[in-house]
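Engineer: Output the structure for:
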Amino acid sequence: MKRILFAFVAVAGCGESPTAGYDQLTVSTTVSPVSAKVGDAIHIRTVLRNEGQSAVITRGAECGTGFEVLSGGVVVAPGPVACTAALPELRKFAAGDSIVVSLSWHGNTRSSFGTTYTTLEPGTYSIRGVIRVGEATFTSEGHTVVLLP
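Structural biologist: Modelled structure (predicted):
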């Protein structure tokens, strides 16, 4: 099941504006392997796809990490994401279009604001895909991952 959060932004003086139709967009994530030693790579692939028959117009470009790691329902990695609040362009997300984000994670809390990070303790975590497109955030179901010592 997908979860979609959005807030429409008024567009004054433009020929097109953000549209409804976000329910046409599906998000899925694959995670491999589901068990790894802390420091080893876990590969995460998140896909946002327009499954509908018509275009969806959004304000702004893709922005986000591609995934979040949770422990006890709290996001613990990879860290905060710096996004531009006012993205001026409109993006037409045509029927059949996809955004694919493929990343590796090494069991750390690396932040997009710098290169400092800490390593998470061994344990069980949940990884879910997250893609932000303009004013909308698309989140996939979580996948259980075990970090080994």
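
Engineer: Give the next helix or strand downstream of the worst-scoring helix or strand of the chain on mean pLDDT.
Structural biologist: When the helices and strands of the chain are scored by mean pLDDT, DSSP states H and E, strand 3-6 comes last with a mean of 42. The helix or strand immediately downstream of strand 3-6 is strand 25-32, counting by DSSP states H and E.

Engineer: Just the C-alpha atoms of that next one, please, in CSV.
Structural biologist: Output of strand 25-32 as CSV, limited to C-alpha atoms (Å, rounded to 0.1, in the frame of the first residue of the first chain):
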residue,chain,number,x,y,z
LEU,A,25,1.0,7.4,-9.0
THR,A,26,2.3,4.2,-7.4
VAL,A,27,5.5,3.7,-5.4
SER,A,28,7.4,0.4,-4.9
THR,A,29,10.7,-0.5,-3.3
THR,A,30,13.0,-3.5,-3.4
VAL,A,31,15.7,-4.1,-0.9
SER,A,32,18.6,-6.5,-1.2
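
Engineer: In its sheet, which strands sit next to that strand, and in what direction?
Structural biologist: strand 42-50 (antiparallel) (DSSP bridges).

Engineer: what mean pLDDT would you report for the strand it pairs with?
Structural biologist: Mean pLDDT, computed over strand 42-50, is 92.

Engineer: repeat for stretch 105-117
Structural biologist: 71.

Engineer: now the end-to-end length of it.
Structural biologist: One end of stretch 105-117 to the other measures 12 Å (CA to CA, to the nearest Å).

Engineer: same check, this time on stretch 37-52
Structural biologist: So stretch 37-52: terminal residues 40 Å apart, CA to CA.

Engineer: What is the burial count for the closest residue to Val100 other than its chain neighbours?
Structural biologist: Leaving out its chain neighbours, the residue that sits closest to Val100 by CB to CB, 6 or more residues apart in numbering is Val47, at 5.2 Å. The C-beta positions use only the backbone N, C-alpha and C, and glycine is treated the same way. Using other CB atoms under 10 Å, Val47 has 17 neighbouring residues.

Engineer: All set, thanks.
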